[in-house]
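>>> Please work out how this folds:
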Amino acid sequence: MPIVNRIAEFAEDMTMWRRHMHQTPEVGFECHETARFVVERLKSFGLTDIHEGIATSGVVAVIEGQGAGPTIGLRADMDALPMEETSGVEWSSQNPGAMHACGHDGHTTMLLGAARYLAETRNFSGKVVLLFQPAEEGGGGAQVMVQEGVLDTFGVDKVYALHNAPDFEEGGFYTCPGPIMAAVDTFHIDITGVGGHGAMPHQTKDPIAACLGIGAAIQTIVSRNHYALEDLVVSITQIHSGSADNIIPEAAYINGTVRTFDTEVQNMVKRRLQAIVDGQAAAYDVTATLRYETGYPATINNPNEADFAAGVAREISAMVEDDAQREMGAEDFSYMLEERDGAYLFIGQGESAGLHHPAYDFNDAISPVGASFFARLVERAAPLGPAK
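This is a model prediction of the structure:
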């Protein structure tokens, strides 16, 4: 695998960085210790144009190339998930209730590795803007960075990001033109009836019965209201009600997620959810309210940038898919791609526990691969002379 020789030389350093961050995970916008560690590394590379406290704990650093040229943005997410770790590795989380179960510690490491190389070589024109972002796992840190004017302030022309992919060939890459990750919305349904004795249901208005009816009807949105060959997921993920076997409760709660690529499909789901909630509430003689929260938009690659990035990946890896199947997961990098042309790619991490699994751990062997990709991408996008 032809990773950059210089980056290979400090692969052990990258492993130490990554494992340190894995031991000290932080959730949401509160990535202050992680940001402090990132800034320390950037300063050790000789960088001075560093900006802290963006989107609460985000970091932006600028590396100047040689002469005029484009400004390339490279983004890495820093936040962890609110969960306990069961991986059993020596560098397991030391922060109870927080774990790097999605590999953001690895993403940050790959960008730091590229930064170290690019700061040493400056073998590119224009500028590189390093975007270390908090709160990808809910909170929309990328959106906040965009709203705070990061892309405009630093004159970013194009923007790119990587995400690790368990069970995809180690060091391979995949991407696609156009939509690559879905939009994600959340629905909440609150049902209120009249509680009472489980032996006297005639004296109650049972929210459990309504909950079951609503849940069953929601399953028909995908199967009966939507063209089967188009992508749509509607999943109920939480149902809460009741406290004892002989009590009919007063209330029930349903929660779920909606994943779409098309706004017309998204609007159809909203309409059907509202109609189902209203109709089932009337049928069961209870009160039910729907709260629908629109979340991250679809992550849409610019076709030209996706093709360019795939070409760069081929310089690093023999395994590159440039027309991979899009995924129903979601990613707040979508907000940056709404503002700038760019591309989002996955890098294979080989066989491992899945993302968001308590036994997951990032594969340190791919850090030099991802760092090499970022470095080569900058050198190809902003060459000093004719592109090699």
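
>>> give me the beta-bridge partners of residue 254?
Assessed by DSSP bridges, residue 254 has beta-bridge partners residue 189, residue 239.

>>> So for it, what's the pLDDT?
If you check residue 254, the pLDDT there is 98.

>>> Neighbours of residue 263, how many?
11 (other Cβ atoms under 10 Å). For glycine as for every other residue, the C-beta is placed from the backbone atoms N, C-alpha and C.

>>> Distance of it relative to residue 146?
Distance of residue 263 to residue 146, given as Cβ to Cβ, to the nearest Å: 20 Å.

>>> do the same with residue 371
On the measure of Cβ to Cβ, residue 371 and residue 146 end up 25 Å apart.

>>> who has more neighbours, those two?
residue 371 (30 against 19).

>>> Now do the contacts for the closest residue to that one other than its chain neighbours.
Of all residues beyond its chain neighbours, the one nearest residue 371 is residue 113 (3.1 Å), with distances taken as Cβ to Cβ, 6 or more residues apart in numbering. The neighbourhood of residue 113, defined by Cβ atoms under 8 Å, 6 or more residues apart in numbering, consists of 7, 10, 14, 367, 368, 370, 371, 374.

>>> got the contact list for whichever helix or strand the first one is part of?
Here residue 7, judged by DSSP states H and E, is contained in helix 5-9. Under the criterion Cβ under 8 Å, 6+ apart, residues 113, 114, 116, 117, 120, 121, 368, 371, 372, 375 lie in contact with helix 5-9.

>>> How about the backbone phi and psi for the second one?
Translated: residue 114. Phi and psi for residue 114, reported as degrees, to the nearest 10, are phi -60, psi -40.

>>> Pull the contacting residues for it.
By Cβ under 8 Å, 6+ apart, the neighbours of residue 114 are 7, 74, 370, 371, 372, 373, 374, 375, 378.

>>> Quick one: classify the last one as helix, strand or coil.
Spelled out, that is residue 378. Counting by DSSP: H, G, I helix; E, B strand; the rest coil, the backbone at residue 378 sits in helix.

>>> swap in the second one?
For residue 74, the secondary structure call by three-state DSSP comes out as strand.

>>> Number of residues surrounding the closest residue to residue 272 other than its chain neighbours?
Closest residue in space to residue 272, ignoring its immediate chain neighbours: residue 221 at 4.9 Å, by Cβ to Cβ, 6+ apart. By other Cβ under 10 Å, the residues close to residue 221 number 19.

>>> Buried residues, the strand or helix carrying residue 221. List them.
Residue 221 is part of helix 207-224, with elements assigned from DSSP H and E. For helix 207-224, a neighbour-count test (16 or more other Cβ atoms under 10 Å) marks 207, 208, 209, 210, 211, 213, 214, 215, 217, 218, 221, 222 as buried.

>>> how about the last one, what does it touch?
It stands for residue 222. With Cβ under 8 Å, 6+ apart, residue 222 has these contacts: 232, 233, 234.

>>> Can you flag the buried ones in those residues?
Buried positions within the contacts of residue 222, assessed by neighbour count (16+ other Cβ under 10 Å), are 232, 234.

>>> Now, the contacts of residue 222 that are in strands?
233, 234 (DSSP state E).

>>> wait, what's in contact with the residue most central in space within the chain?
Geometric centre of the chain, nearest residue: residue 331, 3.6 Å, by Cα atoms, centre = their mean. Counting by Cβ under 8 Å, 6+ apart, residue 331 touches 136, 163, 181, 296, 299, 344.

>>> Locate the second one within the secondary structure: which element?
Mapping residue 163 onto the secondary structure by DSSP H and E places it in strand 158-165.

>>> For whatever helix or strand comes next after that strand, which helices and strands make contact with it?
Reading on from strand 158-165 to the C-terminus, the next helix or strand found by DSSP H and E is strand 173-174. Packed against strand 173-174 by the contact rule (3 or more Cβ pairs under 8 Å, 6 or more residues apart in numbering; DSSP states H and E) you find helix 303-316, strand 320-321, strand 341-348.

>>> try 6 Å this time
Helices and strands touching strand 173-174, as assessed by 3 or more Cβ pairs under 6 Å, 6 or more residues apart in numbering; DSSP states H and E, comprise strand 341-348.
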